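# Task: produce atomic coordinates for the following.
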Amino acid sequence: MPSPQPSAPSPTAPSEPSSVLRSPRLWLGTGAILAVVSTLFALLYVGGNVDPKGNLRDLPVALVNSDRGADSGGRHVNFGEQVVTGIQKSASANKSISWQVLSRAEADERLGQGKLYGALVVPEDFTASVSALAAPPSPAQAQAQNPAQGQTKPQGQAQGQPQAQPQGQGQAQPQPVRPKLTVLTNQSAGSFGSSMASQASQQAAHAASAQLGKELLARVSAQGAAAAQMPPAAKLMLADPAAVEVADGHPVGARSAMGLSAFYYALVLLVCGMLGANVINSQVDNALGYLHTDYGPIRRRTPVRHTSRVRTLAIGALMMAGLSVVMGSLVEATTVGLLDMDASHLGLLWLYSVATIAVVGISGLALLAAFGTPGMLISTIVFIAMAVPSSGATVPLEALPGFFRTLAEFEPLRQLTGGLRSILYYGAQGDAGLTRAWAAMGIALAVSVVFGFGVTRFYDRKGLHRIPQNAEAPAASLAPTAV
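The predicted model follows:
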């Protein structure tokens with residue numbers, strides 16, 4: 001009985017490999033995927049950052065009034081309260097800045113937790129210094145400022161003989177000191193957000209100083225003779241009585257990327273976890289014989305070892321947990337040891353790095369196990385495309401559209417960056433973002449495990465094996481044999 005021969009190729013099958021380029025399905029399917037990816041990345045990356053000033057809402061900035069006030073004209077006045085009240089009234093129609101009236105201690109605490117992008121501080125002696133500018137000059141000061149007036153020679157004084165000076169006259173007289181309004185920045189909360197807060201605070205300070213100057217000039221003009229004795233330079237200073245200086249409210253180290261090292265470190269951990277999941281997934285599949293591996297012109301493929309989808313995912317998850325220790329250690333050693341990045345709490349940083357890579361990697365493996373090849377694209381969208389614009393690291397969340405603020409509530413990079421800021425800048429305070437980061441990692445791990453093992457168990461129970469065990473028999477019968 002003649003042995004069975006392989007069936008002849010179908011007449012409709014392509015005869016040459018190059019004919020695959022004439023397949024509409026190939027072009028349409030691939031083009032649709034790439035069109036969606038390119039459009040999605042453009043919408044997410046550019047759409048979130050294209051108009052930060054137009055999208056700015058409720059950027060938290062502190063208003064600190066430390067002014068003790070002073071007695072003037074028989075009553076107690078406090079120009080610091082006028083400055084604060086004026087800024088609040090002018091901002092009532094503008095929702096870009098959320099001015100928070102705090103004490104200096106409260107402001108310092110929130111700056112040290114990344115909850116404020118800046119602060120505007122009125123000093124303790126503000127009213128006293130401003131009142132000194134508006135006070136009429138003393139006779140000695142008037143004589144020093146107008147030496148040509150009131151100089152008459154006494155009788156009997158010879159021509160050319162110098163005029164005798166009263167005791168103390170002719171000496172340097174103390175001049176009023178121009179008070180300062182201090183604008184505090186906070187690069188640790190984000191360089192861009194700190195810059196926006198600084199600009200808004202400086203504008204508010206100059207506007208408040210100008211408004212106060214109008215009131216002081218009107219008060220001096222009502223004094224009549226005293227106003228006439230005030231020199232033009234003093235009136236010019238009185239029109240804008242407060243100087244504005246900028247200081248660092250919560251300094252960061254010189255090697256902290258101007259407050260962005262936490263974001264870049266978190267991004268490294270995220271990418272390591274995502275790429276680690278892809279590498280482990282392909283290596284496990286190759287070891288089980290489901291995939292072949294090409295090394296240049298050499299192709300390597302091991303015999304298929306039929307394994308359930310649940311067991312395959314478990315193998316990958318265990319490898320991810322073990323190798324995350326290596327990856328996290330290398331990331332910290334490279335950034336802190338080799339690159340000398342400013343960092344503290346190194347033990348906690350190591351634990352955080354390892355846990356982050358493990359959680360992200362296991363989440364990626366769950367997506368690959370549930371969706372197969374498209375899982376890699378889904379991981380890229382979830383962990384990169386949607387995560388980076390909504391992280392609030394470069395552009396603050398308050399300057400992003402509402403859609404991205406919603407994403408920031410659950411996207412991983414936002415939570416990871418907040419935890420790293422706490423470790424690197426804020427002394428590992430739980431309220432500074434570290435507690436939220438640990439909680440987010442725990443929830444993400446639980447959801448990924450339940451989702452990944454739930455879907456793969458469903459596939460196994462339905463008999464949806466990756467390679468049916470009887471699929472190799474027909475293929476083996478068609479294989480050529482030696483004669």
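# three-state assignment of Thr182?
strand (DSSP: H, G, I helix; E, B strand; the rest coil).
# Now for it: which residues touch it?
Going by Cβ atoms under 8 Å, 6 or more residues apart in numbering, Thr182 touches Leu120, Val121, Pro123, Val244, Glu245, Val246, Ala247. Yep, even glycine has a C-beta here, placed from its N, CA and C like the rest.
# Now go through these and say which are in strands.
Counting by DSSP state E, the part of the contacts of Thr182 found in strands is Leu120, Val121, Val244, Glu245, Val246, Ala247.
# Show me which of those residues is closest to Asp108.
Of all these, Asp108 sits closest to Val121, with 10.0 Å by Cβ to Cβ.
# correct me, but the closest one touches Ala105?
No: applying Cβ atoms under 8 Å as the test, Val121 and Ala105 come out as separate, 11.9 Å apart.
# So those two - more neighbours on which side?
Each of Val121 and Ala105 has its neighbours counted (other Cβ atoms under 10 Å); Val121 has more, 25 against 9.
# Just grab the bridge partners of the more buried one for me.
Counting by DSSP bridges, Val121 is bridged to Val64, Thr182.
# which residues does it contact?
Applying Cβ under 8 Å, 6+ apart to Val121 gives the contacts Val64, Ser66, Arg104, Ala107, Leu181, Thr182, Val183, Leu184.
# Selecting buried members of the residues you listed in PyMOL, what would you type?
Buried subset of the contacts of Val121, written as a PyMOL selection, criterion 16 or more other Cβ atoms under 10 Å:
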select buried, resi 64+104+107+181+182+183+184
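# Between the contacts of Val121, which sits nearest Ser129?
Closest approach between these and Ser129, by Cβ to Cβ: Leu181, at 11.0 Å.
# For the spatially closest residue to Gly273 that is not a sequence neighbour, which three-state class applies?
Of all residues not flanking Gly273 in the chain, Val360 sits nearest, at 2.8 Å (Cβ to Cβ, 6 or more residues apart in numbering). Using three-state DSSP, the three-state assignment for Val360 comes out as helix.
# got a list of what Val360 touches?
Neighbours of Val360 in contact, by Cβ under 8 Å, 6+ apart: Leu269, Leu270, Cys272, Gly273, Met274, Ala277, Phe383, Pro412.
# so how far is Ala204 from the first one?
In this case it means Leu269. To Ala204, Leu269 is 38 Å away according to Cβ to Cβ, to the nearest Å.
# Check the fourth one too.
Distance check for Gly273 against Ala204: by Cβ to Cβ, it reads 43 Å.
# buried sites along the helix or strand harbouring Leu318?
Per DSSP states H and E, Leu318 falls inside helix 309-332. Of all the residues in helix 309-332, those buried under the rule 16+ other Cβ under 10 Å are 309-310, 312-317, 319-321, 323-324, 327-328, 331-332.
# out of the ones in strands among the contacts of Thr182, who's nearest Asn78?
Nearest to Asn78, judged by Cβ to Cβ, of those is Val121 at 14.9 Å.
# What distance do you get for the closest one to Gly193?
Distance, Val121 to Gly193, by Cβ to Cβ: 18 Å.
# again with Thr406
Applying Cβ to Cβ, the value for Thr406 to Gly193 is 19 Å.
# thinking again about what came up before, which other residues reach the helix holding Leu318?
Here helix 309-332 makes contact (Cβ under 8 Å, 6+ apart) with 265, 268-269, 272-273, 276-277, 280-281, 284-285, 288, 307, 346, 349-350, 353-358, 361-362, 365-366, 369, 449, 452-453, 456-457, 459-460, 464-466.
# Quick check: helices, which of these are part of them?
Of those, the ones assigned to helices by DSSP state H are 265, 268-269, 272-273, 276-277, 280-281, 284-285, 346, 349-350, 353-358, 361-362, 365-366, 369, 449, 452-453, 456-457, 459-460.
# Please type out the PyMOL selection for whichever of those turn out to be buried.
The buried subset of the ones in helices among the contacts of helix 309-332, as determined by 16+ other Cβ under 10 Å, is captured in PyMOL by this line:
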select buried, resi 265+268+269+272+273+276+277+280+281+284+285+349+350+353+354+355+356+357+358+361+362+365+366+369+452+453+456+459
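# chain center to stretch 361-376: distance?
Average the C-alpha atoms of stretch 361-376, do the same for its chain, and the two points are 28 Å apart (Cα atoms, centre = their mean, to the nearest Å).
# Name the surrounding residues that touch that stretch.
Applying Cβ under 8 Å, 6+ apart, the external contacts of stretch 361-376 come out as 273-274, 276-278, 280-281, 309, 312-313, 316-317, 320-321, 324, 378-379, 382-383, 444-445, 448-449, 451-453, 455-456.
# now swap in stretch 273-285 and tell me
For stretch 273-285, contacts defined as Cβ under 8 Å, 6+ apart pick out 291, 293, 312, 315-316, 319-320, 323-324, 327, 356-365, 368, 376, 379-380, 383-384.
# and Leu236, what element?
Here Leu236, judged by DSSP H and E, is contained in helix 232-239.
# For the residue nearest to Asp342 when sequence neighbours are not counted, the count of nearby residues, please.
Nearest non-adjacent residue to Asp342, counting by Cβ to Cβ, 6+ apart: Gly253, 3.1 Å away. Gly253 has 16 neighbouring residues, counting by other Cβ under 10 Å.
# and if you look at Asn94?
The local packing of Asn94 (other Cβ under 10 Å) involves 9 other residues.
# Assumed it was part of a strand.
No: applying three-state DSSP, one finds Asn94 to be coil, outside a strand.
# Can you check what pLDDT the model gives it?
The score at Asn94 is 83. That number is its pLDDT.
# which residues touch it?
By Cβ under 8 Å, 6+ apart, Asn94 lies in contact with nothing.
# what about Asp340, which SS state?
Put simply, Asp340 is coil when judged by three-state DSSP.
# Setting the sequence-adjacent residues aside, check what's closest to it.
Excluding the flanking residues, the one nearest Asp340 by Cβ to Cβ, 6+ apart is Arg255, at 5.7 Å.
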